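A.B. asks: model this:
(one chain, ligands or ions: 1)
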Amino acid sequence: MTAERKDGPARFVAAAAQLGLTVDLKTFEQSTRTAEEAAAACGCEVGQIVKSLVFKGRTTGTPYLLLVSGSNRVDQKGVAGQIGEPLDRPDAGFVRDLTGFAIGGIPPLGHDTPLKTFMDGDLHKFALVWAAAGSPNAVFAVEPAALQSASKAQTIKVI
Ligand code: 5CA
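C.D. replies: This is a model prediction of the structure:
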């Protein structure tokens, strides 16, 4: 287990720039740790919040990142069928070591280890969505198409 790293937002902004995405960071006094808290802070719908959820393939051990609309609950079996193997949820320590960020602040791209990424098609219903920016009180707004392009995500149905 690695020690907590304090520079999450700065690391994320730099990593996003490397991937061609300019991030306009919004930092709040209040928590944006959950989708509901983030929506309250941003003044947007919960569905506009991007949850960045790490899963692990049971057969191959491959980690996958799912970018999910804040109002959707992942149908794990349905998603497994689309990805091609059953999925497990890894623990918080595994996720932090893999991505470089702690749960509640995991950004949708710019991780220590590049992750095979899938994006909830429902996020495309919005002109703008908001995602975590490397800490549990930092977010950024992005057009869904720009998010998909920078994260090289494949769009899937998650519910
Ligand atoms: N900052 C907000 C969105 S801007 C955010 O990061 N939301 S999130 O949904 O992506 O992150 C919280 C999610 O982490 C929860 O939905 C939950 O599915 C997951 N989670 C919480 N605790 C654990 C844990 N111990 N292990 C694995 N996943 C967890």
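
A.B. asks: Quick test: name the residue nearest the centre of the chain.
C.D. replies: Taking CA atoms, centre = their mean, the centroid of the chain lies closest to Ser52, which sits 2.2 Å from it.

A.B. asks: contacting residues around it?
C.D. replies: By CB atoms under 8 Å, 6 or more residues apart in numbering, the residues touching Ser52 are 65-67, 106-108, 131-132. All C-beta spots, glycine's among them, are computed from the backbone N, C-alpha and C.

A.B. asks: Which single one of these is nearest to the ligand?
C.D. replies: For these, the minimum distance to the ligand (CB to the nearest ligand atom) is 3.6 Å, reached by Ala132.

A.B. asks: List the residues that contact the closest one.
C.D. replies: Counting by CB under 8 Å, 6+ apart, Ala132 has contacts 32, 38, 50, 52, 101, 104-108, 138-139.

A.B. asks: ok, longest strand in the protein?
C.D. replies: For the chain, the strand with the greatest residue count under DSSP state E is strand 49-57.

A.B. asks: continuing past that one, what's the next helix or strand?
C.D. replies: strand 63-69 (DSSP states H and E).

A.B. asks: And that following strand, what does it pack against?
C.D. replies: strand 49-57, strand 116-120, helix 144-151 (3 or more CB pairs under 8 Å, 6 or more residues apart in numbering; DSSP states H and E).
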